[in-house]
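J.: I'll drop the sequence and a predicted model, then ask my questions.
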Amino acid sequence: MNELPTWAVRLRDQRQSRGWSLLDMARGLSEAADARTRTHLPTRESLVRMIRSWEAGKHRPSEPYPRLFAESFAIPEAALFADNPDNPDTPGEDTYPGYPSRETHRLPEGVRSLDISLPTCVDMSDMQRRAAIQLLAAISAGAVIPAGVMETVLSGVEDALRDHADVDTWESVVDEYNHLADKRPVGSLIADLTADVVAVGRLMNRGNPPLVQAGLLRVSAGLGWILASQLEDIGERRAARVTWSTTRRAADASGDRDLMVWVRAKEASMARWSGRPDSVTLALTDEAISLANGHPSRGLARACAVRASLAARRGEMGAQDAYAALNALSDATNRAGSERSVYWAQAYVYVLLGDGRATSAMEAAFDPVSPEHVSELHMLQALDLVRRREVGEGLQQALATVQARPASVARRHMAGQILTALPEKARNLPAAHELRALTA
């Protein structure tokens, strides 16, 4: 392994000698910037990633960061970055401003063409790096992910289930991913999530105090459920199953009951769309409800919502169970918040049961801030139109929704429900064929 550039060692030593965490350093850089510069700096979480990358010697900081480091440490910039002249500035060309450059030169052509790349800010082992590249290459080519790849990517987490970590910063990273997941196209976060899962797994193998280790397990479970959901959305079911399994165990090991409930409820929610047997989905909701033990949480609410939708799929035979589950959902949500999720679940159940309250529930569920939720609601409206025999309008709305945004596993499932609900004579319409082809 090549020696770190002296300037990178100096950045790390200067920070650590002051007892600063990476988050403290990011805060220091922000405070050292003037008002105009500060408005152009990336988020605090992004700065933490950049600092980690610089201290690892991946590439030299470009302006204005050398000046901000110098001001933060009260050391002349020339002295701080004086040596290692053979390592010139290599500013990144990342899609998102403020992130370090990425190792696109090591990735297969198919991955480079999709603008998917591995962040340089994570220190992967050679085996994990190769596994991550295999994962991204398979996804870009639409091929099956090779056996063992997901296990290798997740190996750091698995090893830990048998240096100081900034848990607060990592939990902020999970929150950021959760926020982005509803706004970015399906599957677009897989590369970054994969890299961060590896990074957290390595941190967990460094021998941490119990509270820090529990925090890192929470982080790994948080990253894991988002990664598993993204894999489900692009149709990588085996990779998703492996990730869900490790994520459940990480959540359990963290001791965080709400997280344990949420992971199972979220997996159940994805399982109902991806075609897994209802018995598997119901087992997950049963586990979530049992673990919650009446304690209100968004996971408990999600589990009740999934049970309601599964019952509603049985039509009149399941109507009583569906309405009972909706009542349980309303009770759980009244105590835990998130009313919009209640309205969405109600709308889906009402559409499947032909309940006249579907329209008002869909209006109440509308969330203009989340493109993903808007797309799913549009598909639900299309399903409602088709079931009410407004076939042409329903098919056109479904087609427009799928064409505007890559189809998630939920939208693909609802497209299948729309096609199934079509009258016999309408199943050969050009719009029906096109919808079938786009969501196959």
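T.: On my side now, so go ahead. Residues are numbered from 1 along each chain as shown.
J.: and residue 289, what helix or strand is that in?
T.: helix 278-292 (DSSP states H and E).
J.: for residue 268, same thing?
T.: Going by DSSP H and E, residue 268 is in helix 257-274.
J.: For that helix, which helices and strands make contact with it?
T.: Under the contact definition 3 or more C-beta pairs under 8 Å, 6 or more residues apart in numbering; DSSP states H and E, helix 257-274 sits against helix 210-233, helix 237-254, helix 278-292, helix 298-312, helix 409-421. In short, each C-beta sits where N, CA and C put it, glycine included.
J.: buried ones in the helix or strand hosting residue 13?
T.: If you go by DSSP H and E, residue 13 is part of helix 6-17. Neighbour counts over helix 6-17 (16 or more other C-beta atoms under 10 Å) mark 7, 8, 10, 11, 12, 14, 15 as buried.
J.: okay, those residues in CSV with pLDDT and distance to residue 214 next?
T.: Shown next, in CSV, are the buried residues of helix 6-17 (pLDDT from 0 to 100; distance: C-beta to C-beta, whole Å):
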residue, pLDDT, distance to residue 214
7, 90, 36
8, 89, 31
10, 91, 34
11, 92, 30
12, 90, 26
14, 89, 31
15, 89, 26
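J.: ok, those vs residue 203, which is closest?
T.: residue 12 (15.9 Å; C-beta to C-beta).
J.: Does that closest one touch residue 52 like I think?
T.: No: Residue 12 lies out of contact with residue 52 (C-beta atoms under 8 Å); the separation is 9.7 Å.
J.: Might you report the residue contacts of residue 54?
T.: 8, 11, 60, 61, 65, 100 (C-beta atoms under 8 Å, 6 or more residues apart in numbering).
J.: hmm, which two among these are most spread apart?
T.: Among those, 11 and 100 lie farthest apart (C-beta to C-beta), at 13.7 Å.
J.: Tell me the helix or strand right after the helix holding residue 13.
T.: Using DSSP H and E, the helix or strand that follows helix 6-17 in sequence is helix 22-32.
J.: what sits up against that next one?
T.: Contacts to helix 22-32, defined as C-beta under 8 Å, 6+ apart, come from residues 15, 20, 38, 41, 44, 47-48, 51-52, 65, 67-69, 71-72, 166, 168-169.
J.: got the CA positions of that helix in PDB?
T.: C-alpha atoms of helix 22-32 as PDB (Å, rounded to 0.1, in the frame of the first residue of the first chain):
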ATOM      1  CA  LEU A  22     -14.700  14.700  11.700                       C
ATOM      2  CA  LEU A  23     -17.900  16.600  12.400                       C
ATOM      3  CA  ASP A  24     -16.000  19.100  14.500                       C
ATOM      4  CA  MET A  25     -13.600  19.600  11.600                       C
ATOM      5  CA  ALA A  26     -16.500  20.100   9.100                       C
ATOM      6  CA  ARG A  27     -18.000  22.600  11.500                       C
ATOM      7  CA  GLY A  28     -14.600  24.400  11.800                       C
ATOM      8  CA  LEU A  29     -14.300  24.700   8.000                       C
ATOM      9  CA  SER A  30     -17.800  26.200   7.800                       C
ATOM     10  CA  GLU A  31     -17.000  28.700  10.500                       C
ATOM     11  CA  ALA A  32     -13.800  29.700   8.800                       C
END
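J.: and the very next helix or strand once past it, what's its mean pLDDT?
T.: The element immediately downstream of helix 22-32 (helix or strand, assigned by DSSP H and E) is helix 35-38. The average pLDDT within helix 35-38 is 81.
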